[in-house]
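Engineer: Model the following, please.
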Amino acid sequence: MKKLAAFAAVLFSVFSTFALPDGFSKIHLGMSLDELKSELKKDLQFCYRGDRDVSLSPSDGQILIETDASGADYSFLDRCYFQFADEKLYIITINMKNSKIDHYSIFSKLCEKYGQPKELNPNKSLWQDSSVIMTLERPLTLKYVDAKSFKDKKDKSNIEKTTGEKARDAFLDSL
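Structural biologist: Residues are numbered from 1 along each chain as shown. Here you go, the predicted model:
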């Protein structure tokens, strides 16, 4: 009987961790620009003001939407950013007001819901599954990244490391 109870406890702990969310509120990775704009208009906590919050990078055609809820007393959010690649939302950055909520409360809730982070350091906690990378960064930023799009962009990047980055890597390798 004790073995069965122990097995059940292990099984519960394994299956009590849910898949990572693919976004915040009704905003989800993979949305089109029009879908995102529609959802932002409906969700007052973002304080979306319409097309004046949208910018386009002429060099690579990437679209970025920035919202500013810093002046809205009812919102836990501050500035938020929504970045597109290949016409799909692939990074959601949610900055929160540290006057209304604290890092530890969010970290604790994320651990309760999704288990311990895959990576943890003083600046960032990272959870990852096959489709989403979710990070909680200091001081109080929650990011959702489409893992496949991020990997594709990283693989396509031909940017060589700076001398400083190479020196840092060499130093770390020497440890």
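
Engineer: which SS class is the residue nearest to residue 86 when sequence neighbours are not counted?
Structural biologist: What sits nearest to residue 86 in space, not counting adjacent residues and going by C-beta to C-beta, 6 or more residues apart in numbering, is residue 149, at 7.2 Å. C-betas here are computed from N, CA, C, even on glycine. For residue 149, the assignment made with DSSP: H, G, I helix; E, B strand; the rest coil gives helix.

Engineer: Identify the residue nearest residue 93 in space, chain neighbours excluded?
Structural biologist: That would be residue 81: by C-beta to C-beta, 6+ apart, it lies 4.1 Å from residue 93.

Engineer: quick one: contacts of the helix or strand where that neighbour lies?
Structural biologist: In the assignment (DSSP states H and E), residue 81 maps to strand 77-85. Where contact means C-beta atoms under 8 Å, 6 or more residues apart in numbering, the residues beyond strand 77-85 that reach it are 27, 33, 36, 40, 45-47, 62-70, 89-97, 149, 153.

Engineer: Please repeat the previous calculation with a cut-off of 7 Å.
Structural biologist: Residues outside strand 77-85 that contact it (C-beta atoms under 7 Å, 6 or more residues apart in numbering) are 33, 36, 45-46, 62-70, 89-97, 149, 153.
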